[in-house]
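Enquirer: Generate a structure from the sequence data that follows.
(chains A and B)
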Amino acid sequence: MDALVLLIPFLPLCAALIIGVAASSGLLDEKASAHLNADIAIGATGLSCLMALALSVGDWLGKTSGYFSVGQWLGSDTLDIRINFISSGFPVWLAAVFALLLWLVGWQASHDPQRGAGGQRFFFILCLFAAAIQTLVLSANMIGTLAGWQISGWCAYLLVGYAYGTPAATGNACRVFIAQQIGTIGLLIGISLCYIWLDNVNWARLALATEDLGIGQATGVSLCFTWAAFALSAQLPFTPWLARAMPTAMPASPVIMSHAGIYLLWQLHPVFEQSPFARAVLGIVGVLTALYCSIIGLTQTDYKNGLAYATAGQLGLMFLEAALGWWQIMAGHCCLHVLLRCLQCLRADDKAQRTAAPQIPAPPIPSVIAGIGNRYWAFTSSLQGFWLEPIIDWALVNPVRKMAQDLCYFDSQIIDRLMGSPEPAIRTLATFAQHDETFSETSYSGIPNGFALGNGLAGKLAQWAATLMHGFEDRFVTRGLGSGSIHWLRKMGYAANRFELVIIRPRYLVLFVGITFLVAF
Amino acid sequence: MIETDFPILSGLVAWPLLAALSVAVCRHAQLAKMLALTAASIELLLSIAAVQQFNPANEAFQLVESYLWIPTLNIRFLLGIDGIAVLLLPATALLMLMAIGTAWRTQTLTRLHWVLLLLLESCMMGVFSALDMVLFFFFWQLTLPPLFFLLGLWGIGPMRRSAATKHTFFMLFSSMPLLLAIALLAINHASGAGGVDSRHLSFNLPVLLETPLPEPLQPAVFFLLLLAFAVKVPLVPFHTWLPTVALEGPAHITALLTGLTLGIFGVIRFALPLAPSAAVEYSWLLGLLGAISLAYAALIALHQTNLRVLLAYACISQAGLILIGIASLNMQGIQGALLQMVNFPLVAGSLMMIAGFLHQRIASTELAHIGGLAKLMPQLTRCYLLLAFASLGMPGAGGFPAGLLLLIGSLMAHPSLGIMSLVGVVLSAAYLLTFTRRFFFGPVNKTLSKHIQDLLVREKYILCIPLLLLLWLGFFPNSVLKVNQKTAEVWLTRLLMQPKLEGEVADSRQTGQWP
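Expert: Model (predicted):
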């Protein structure tokens, strides 16, 4: 019975491989094989759903042992990572709900007359996403969960950027993926801490060994996984990714993905029980997200955006339930909520298909509660999502971009020159002929002695030493303290000022503080 | 050391040389090309045979061949492999085969090009299998003339000759500290064996590994070796040759330079084990250098507008991550580094070859000239995306287990460097996806022809092989980890449990401390 759990992610994975290989090798023509691709995808997700339901029934009847292992995947020293799965409890029920929803998504997509070209790609991503999300939920170790999350992140990237000819879609896809990557930082650190302190990365071992962890250690592990759960479940400050991910070829996918964050909390509930501080963080962020999404949801003019904020708000409430220790309620809430929201997404897609329009026309601005509707600033703030994304861009993205720009300048103007390199001529020369004309005759105008020209570090050092000595001789020894020396000193002063202006920019101050913290850590 | 009856490693070094000779005397250009391809294919089979003969359960150097080369200086033609080098031989052979396949249709290539490629292959095999320091240095330096001519004569940029000169100067600069370190090690051995005399000199790596190095000499040897290999890796600030070469050099040669991690191999093989005490003491510095390279190159890559330069900086950043893993001095770190060294040639080499395919068609890889390629070249875009995802550590590809081991290893040893590595991972996703978005997605650039040829069958085969191998590494990482496990254990033991010098043992006995 337990072996059924393996088939739940494996069948969609096989379907994805078949569709992917057929598409890449040109074995099947995309238009001619549209129905075949749909059939493969629906068949695989349907069978996966049946397996999940059978396993759930088996679990309900007490026929499962709760664990199934295929074998070792990776071993290094004491790190033993196995391909193992959980075959009982909340993960199985959640997997059954996800499998049912993904089968419905596939079934609906197969009846979509708009799908046409690109269907192959859609069904490939659908199957891969199904395999990934089931691996995330059913894996008995943290690395499997991480792998499932990463692949579902890639699927989200491909789905959000499905209309890749549109810059907005691909821009959204990048943002969604990077938000997920930032979340995985927490998960990776959490996994490492579990391995360092418990010498194991299995969920079951973590649940059993929570008493071995001190309160500080429990808080550390919890906070790392909390960070990951915030990113996955679109809690503050990660909320905007969910709204950006909704205009996708499969709106149910971000909704399903966001509920996987609740699964992370459920797996960690014994550790959270040890750490009141981590639970407080969960509760506070959950409440703030629920409030934030409630206010923003009032002013949304797009149905899918409204759904996104409603989902994030409800997820916030689930975080609150976790903080209060209502784990069973949280689990039930999660299963029912994902079912409801995904059906709403499917309904929205269905409506779009029936109207035969690629997008639902924006409805008029709905009437909002008086507190917001009558106040311009409140209405604008809500409509703009309290400028959360611009704030993140201002605080994080723009400084990184500017730092990249500064470093690029530093690399080309200082390091590259210091190392005695020629600048790539492609920037200055248009043709080979121009290049040959300029360089072949070695007419280095303005330089009196070609012998003093150096190349490479040693050559440049020698050349600079010679120039420096010449300059010293010329300015100070031969002419004395004349206008030349003052000119050069002034230039040095300007350079020092410029350097000082650069290093007191906020991004560098923040960077220095960050480095100090890292060193201290 | 386990010697062999059949000189397979000498064969790996000599076979490309013989093939180069036959190509050189062949008058027909097409036949010369065919000969080069056949020779590279046989070389790949030979390297696979070497892997099959290798016994992973034994930690000693295997397939050892030893012949006296320069008797007066006690220099031997000593070849052998261990778990560190064994998989790099087929990786090199495969990358060379891919390079030949990539350059197959280039019209301007003469016989000399194929001769130089085969010479380069021979030298690289020598670098990976040399167990005598002078022999290693010999092969290391011999890689430079073929590369100089390959870059200078068949480069694709107007400054190709300057790029070739720059690369050669950098490598020559790096050879100075390498030679000095070799001399110091040999003299140290001689002084320990009874006096600085040419008879007592030894350049034999297994002997030098067993010869304790005095404490005052350790930092000098370590930093000299580190400097030598830092240029080759390359680490910041010695990295500037790589973007220049990537921009000016032919794509298949750049793929070889970026894919083959000669510098990192040098660090693992020589820099750390030969000066173990200094390596342990300054491991944080090694990690810091890696972290700086990782973040610096990733940030600069964010600002790049040329695919080849972006890939060059991505390689520098990845090399930084591997170095952080090595500096962690634990099994996860070193095994992650060794796994990544097998994974890296496949990913980086293939991506650079894709850049080459593009350059062959569009004569540019600059963002200003290209956009919306996904519509024009869907198959190439598909391959690019798969490889880009693999380079970012997508589960299912070899980068995932390698990256995981590197990150866990670094977080265990140096948490701050581990966090830095994680930030680097996010930055690498940012630069690669941002560039991909502008390069492959969005509206088609108006200057592009609407009839650009998508991947040819030959090119598909070239890319299919690394993709399949990456999947293999992703699903079965243990197949590689088991090959290098024993060697990695010995490597770590040598660093962390060092034998003391006789004088130091005597001192510790006098003070009553356990040595």
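
Enquirer: So what's the residue count around residue B:215?
Expert: Per other Cβ atoms under 10 Å in any protein chain shown, the neighbour tally for residue B:215 reads 14. The C-beta positions use only the backbone N, C-alpha and C, and glycine is treated the same way.

Enquirer: oh, I was asking about residue B:496
Expert: 12.

Enquirer: wait, what's in contact with it?
Expert: Residues near residue B:496 by Cβ atoms under 8 Å, 6 or more residues apart in numbering or on different chains: B:280, B:329.

Enquirer: where are the low-confidence patches of chain A?
Expert: For chain A, the stretches with pLDDT under 70 are A:30-31, A:113-118, A:350-371, A:373, A:420-459, A:472-486, A:517-521.

Enquirer: and it, what are its domains?
Expert: Domains of chain A are assigned by automatic domain parsing as A:1-140, A:166-356+A:369-383.

Enquirer: Now do the strands in chain A.
Expert: For chain A, the strands defined by DSSP state E cover A:67-76, A:79-86.

Enquirer: which secondary structure elements does the last one contact?
Expert: With contacts taken as 3 or more Cβ pairs under 8 Å, 6 or more residues apart in numbering or on different chains; DSSP states H and E, strand A:79-86 sits against helix A:4-25, strand A:67-76, helix A:142-160.

Enquirer: As CSV, the ones you listed with mean neighbour count and distance to chain B would be great.
Expert: Supplementary listing: these in CSV, determined by neighbours: other Cβ atoms under 10 Å in any protein chain shown; distance: least, Cβ to the nearest Cβ, whole Å:
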stretch, mean neighbour count, distance to chain B
helix A:4-25, 21, 6
strand A:67-76, 16, 5
helix A:142-160, 25, 4
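
Enquirer: got JSON lines for the ones you listed, with distance to residue A:189 too?
Expert: Output for the helices and strands packed on strand A:79-86, formatted as JSON lines (distance: least, Cβ to Cβ, whole Å):
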{"stretch": "helix A:4-25", "distance to residue A:189": "26"}
{"stretch": "strand A:67-76", "distance to residue A:189": "19"}
{"stretch": "helix A:142-160", "distance to residue A:189": "11"}
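
Enquirer: OK, contacts around residue 218?
Expert: You didn't pick a chain, so chain A it is. A:210, A:271, A:274-275, A:278.

Enquirer: um, chain B though
Expert: B:275-278, B:281.

Enquirer: tell me which element it falls in.
Expert: Element membership of residue B:218 [criterion: DSSP states H and E] is helix B:217-232.

Enquirer: try residue B:390
Expert: Using DSSP H and E, residue B:390 falls within helix B:378-391.

Enquirer: name the helices or strands packed onto the helix or strand immediately after that helix in the chain?
Expert: Of the helices and strands lying after helix B:378-391 in sequence (DSSP H and E), the nearest is helix B:399-413. If you count contacts as 3+ Cβ pairs under 8 Å, 6+ apart, helix B:399-413 packs onto strand A:67-76, helix A:142-160, helix A:167-198, helix B:283-301, helix B:307-327, helix B:331-362, helix B:415-440, helix B:457-475.

Enquirer: would you turn those into a markdown table with distance to residue A:110?
Expert: Output for these, formatted as a markdown table (distance: least, Cβ to Cβ, whole Å):
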| stretch | distance to residue A:110 |
| --- | --- |
| strand A:67-76 | 31 |
| helix A:142-160 | 17 |
| helix A:167-198 | 23 |
| helix B:283-301 | 41 |
| helix B:307-327 | 38 |
| helix B:331-362 | 34 |
| helix B:415-440 | 28 |
| helix B:457-475 | 28 |
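
Enquirer: Go through the ones you listed and name the closest to residue A:15.
Expert: helix A:142-160 (13.6 Å; Cβ to Cβ).

Enquirer: how far off helix B:399-413 does the closest one point, in degrees?
Expert: Here helix A:142-160 runs at an angle of 130 degrees relative to helix B:399-413 (axes from the mean of the first three to the mean of the last three Cα atoms, to 10 degrees).

Enquirer: gap between helix A:142-160 and the chain center?
Expert: Its chain's C-alpha centre and that of helix A:142-160 lie 9 Å apart, by Cα atoms, centre = their mean, to the nearest Å.
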